[in-house]
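In: Got a predicted structure plus its sequence, pasted below:
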Number of protein chains: 2
Amino acid sequence: MLTERKRHILRAIIDDYVLNAEPVGSKYLVDKYKLGVSSATVRNEMSELEELGYLEKPHTSAGRVPSDKGYRAYIDLLLDLKPVSQTDQDKIESFFSDHMNEVTTLVRQSANVLSEQTDFPSLVISPRYSDTSLEQIKLLMIEPGKALVVVVLSPGIVKDRMIRIPHEIKQEDLHLISKIIEQKLSGQKLDQITLITISAAAEDVPVPEALLNQVLFEAYVSIKQAENIELYIQGTHRLFNHPEFQELSLAKSFLDTMHEEGIVAGYMSEWESMNVDLELTETNDVEEIEQLNKTRQEQPYMKENPSYMVRIGQEITLKGLEECSFITAAYKITNKITGRIGVIGPKRMEYGKIISQINFINYTLDQQIMELASGYDRKEDINGEKKEEQA
Amino acid sequence: MLTERKRHILRAIIDDYVLNAEPVGSKYLVDKYKLGVSSATVRNEMSELEELGYLEKPHTSAGRVPSDKGYRAYIDLLLDLKPVSQTDQDKIESFFSDHMNEVTTLVRQSANVLSEQTDFPSLVISPRYSDTSLEQIKLLMIEPGKALVVVVLSPGIVKDRMIRIPHEIKQEDLHLISKIIEQKLSGQKLDQITLITISAAAEDVPVPEALLNQVLFEAYVSIKQAENIELYIQGTHRLFNHPEFQELSLAKSFLDTMHEEGIVAGYMSEWESMNVDLELTETNDVEEIEQLNKTRQEQPYMKENPSYMVRIGQEITLKGLEECSFITAAYKITNKITGRIGVIGPKRMEYGKIISQINFINYTLDQQIMELASGYDRKEDINGEKKEEQA
DNA sequence: TTTTAGCACTCTTCAGCTTAGAGTGCCAAA
DNA sequence: TTTGGCACTCTAAGCTGAAGAGTGCTAAAA
């Protein structure tokens, strides 16, 4: 089906097209990649590759460009992950400075680095926290009528929110309420906590019910809000560094879709539950899968992080992104709680490079989160010069 | 100098150009605006307006377009603020939902509304908090090795940040430290608080110095962080709804500049100390200024909010924005603490409409902040249906 | 003195045409 | 199965001419 030579040619075409953004022709290919056969032969091969669906022609007298299926095959069979250069590794690590003590900050920072490193827009979504359990909930009096709710989830995630409370509620009341509902609720899964549960928990607090209810309601909203999946998009302006988005209509529909936060977040979070193997769906050739697995095992970071996922063109079911590719990886807060980080750009991407970058960044992020969770003690130097070798 | 007729013509040209984005010619102008004179006369006027610098020609045989000076004159002399329609008022007010209990949320929400209402990117900067005083500082134990610092500034602004602390620090230690430094520091201006001040404040806390210092340092960083001016940009994608940004190079330089957060924030925060009258610099004609003041007093929201500012084209000293206009207004948290909210778009803007929108949104924002500050008690309904009439 | 009609002139835009070049597909020979 | 050769197709770029829009200027009218 896909002979060695066809693969070779396909890879060369994609590599070249990715680099130069121009349809590639047979003669040029033979010259540049020293294929050792004549252009006519390559022409025949190319036309067969086209018949098989891996290539397509913008018009009769242009060269070929990869189709979605072509890219798919490239990713699944031909991908050559470039190791991340030491410079890049250093750059990425240096982005994670000392003073990020919150998972959200770390995650956002990863998106920033990712976008900067790849020159594409990047995005992250937070994990779905619904079946995480509540660890602490504190109510902190800020001033009469105002309080801060601090919700701590079990992997050390902290969310907070200002609420208004009745003026009659005193510091001590708040403290009491806080203590009691924490006692009763802590350990429960977020999605099992309801307004009723909370009210029940606080039923014997000696505070007039009307007042109490207001506080409880706000506390409830705060907890529910902690469940929200958050989306963070970064670097959309970099899109314009790439020729495919000179076409303004494309750029516009891209941006418009990206700004539909709900839709994007929903789309991305769906994946969370999906099987990693999913990207193989198009390829049901056993031999090919084997080769893929072999390839993977040879790559750095891949052992740590075999969780990247690529969606190409039509595979993306968000309207407006049909001409894009979406590369994501799952980062973990714990083994069960994972979010997703990724870049999105034109299909014409340097997959090898970018996937490596994502893998490395994701790997680093995971490390950082672990370090954070382990409650690592800061070194003595107060000016933030801490440096730590990684395993 | 600027005769009545010239003004009339100038206004007509700008109104028309703003609407249709095409150079306007003499014949068209006479026909459409029933000027009651012949096109030849208008031609003469136009060529004089050009000599005076109010108009310019893209090329010999095109119509005229307004120059920066032309727009300036339009804003200063000819501006006709459109009242905000009831529908728009309702829409804007409905954006400020019940559950926003933090100034930052309100402010950001304003930027969202502003961008949506005007179809231009919007931005806000937070006030400069350096000479605001610290009201409270709390250290909240999250888990061994981790704490949350909550910094409350005097107008009820709350900022928080996770820190790492030595494992040896116990809940009670933290509580004690927190209490003592709050006692000593509260009431001080942020920019007067230094690491030394803090260390001095906590000197007789019975905790080993090395451990204590780590906590104090983190607390210090948190306070300093509260001083940071924050910039929030919204709706950049709307740029592409406007024909001037079809030219990709323009859009690109715009976006690139906007993403230099530091530069934009610095630029905007400079204005904070500036005089409102500054926008008159170009016009030193006494009669004109009088007319301007008269115009202003007749406008709605203007009495409440005479603080908008317009920068046109070359007046903006940020590179990449030379072809834009920047309209901002100052929102207040207190009389002395103000931030700025604004939109940025092509010079070809419906100034009258947009300034009214900004004014109204800003007005609403100020109301909301006041209401928040006054510690307004929520009505009894627990499902957030509260509706309140405004003065 | 101001306004106006008229006309020549300038410049852009667009459609239509031509040409050069790139690449293909196919055939017949190696 | 591979290759050289050639006819064919299609695009990109440049050129031309015509149409249209708008101006500036002049001389006459108000």
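Out: Received, thanks.

In: near DNA strand C, which residues of chain A?
Out: Counting by Cβ under 7 Å from any atom of the strand, the residues of chain A close to DNA strand C are A:23-28, A:39-40, A:43, A:46-47, A:50, A:57, A:60-64. Bear in mind the C-beta positions are built from the backbone N, C-alpha and C, glycine included.

In: Inside helices: which ones of those?
Out: Using DSSP state H, the members of the residues of chain A next to DNA strand C that fall in helices are A:26-28, A:39-40, A:43, A:46-47, A:50.

In: Give me the buried entries from those.
Out: Buried members of those, scored by 16 or more other Cβ atoms under 10 Å in any protein chain shown, are A:26, A:28, A:39, A:43, A:46.

In: So which of those reach DNA strand D?
Out: With Cβ under 7 Å from any atom of the strand as the criterion, the members of those in contact with DNA strand D are A:39, A:43.

In: Which of the buried ones among the ones in helices among the residues of chain A next to DNA strand C sits closest to DNA strand C?
Out: Within the set of these, residue A:26 lies nearest DNA strand C; the separation is 3.5 Å, counting by Cβ to the nearest atom of the strand.

In: Report the contact partners of that closest one.
Out: With contact taken as Cβ atoms under 8 Å, 6 or more residues apart in numbering or on different chains, residue A:26 is in contact with A:39-40, A:42-43, A:46, A:63.

In: hmm, 7 Å instead?
Out: Residues in contact with residue A:26, defined by Cβ atoms under 7 Å, 6 or more residues apart in numbering or on different chains, are A:39, A:42-43, A:46.

In: pLDDT score assigned to it?
Out: The score at residue A:26 is 96. That number is its pLDDT.

In: Also residue A:272?
Out: 62.

In: how much space between the closest residue to residue A:49 other than its chain neighbours and chain B?
Out: With sequence-adjacent residues excluded and distances taken as Cβ to Cβ, 6 or more residues apart in numbering or on different chains, residue A:49 is closest to residue A:55, at 4.7 Å. Taken as Cβ to the nearest Cβ, to the nearest Å, the spacing of residue A:55 relative to chain B amounts to 29 Å.

In: How about residue A:352?
Out: According to Cβ to the nearest Cβ, residue A:352 stands 27 Å off from chain B.

In: Now for that residue, how many residues are close by?
Out: 19 (other Cβ atoms under 10 Å in any protein chain shown).

In: Show me what the host helix or strand of it packs onto, helices and strands only.
Out: Element membership of residue A:352 [criterion: DSSP states H and E] is helix A:351-373. Counting contacts by 3 or more Cβ pairs under 7 Å, 6 or more residues apart in numbering or on different chains; DSSP states H and E, helix A:351-373 is packed against helix A:86-95, helix A:103-118, strand A:324-332, strand A:338-346.

In: Report the buried residues of that helix.
Out: Under 16+ other Cβ under 10 Å, the buried positions of helix A:351-373 are A:351-369, A:372-373.

In: Which residues are in contact with residue A:137?
Out: In this structure, residue A:137 makes contact with A:149, A:151, A:178, A:181-182, A:185, A:219, judged by Cβ under 7 Å, 6+ apart.

In: partner residues bridging it?
Out: Applying DSSP bridges to residue A:137 gives these bridge partners: residue A:151.

In: pLDDT wise, what is it at?
Out: Confidence at residue A:137, expressed as pLDDT, is 96.

In: Nearest to residue A:6 among the contacts of residue A:137?
Out: When the contacts of residue A:137 are compared for distance to residue A:6 (Cβ to Cβ), residue A:151 wins out at 56.3 Å.

In: And the closest one, how close does it get to residue A:227?
Out: Computed with Cβ to Cβ, to the nearest Å, the distance linking residue A:151 and residue A:227 is 10 Å.
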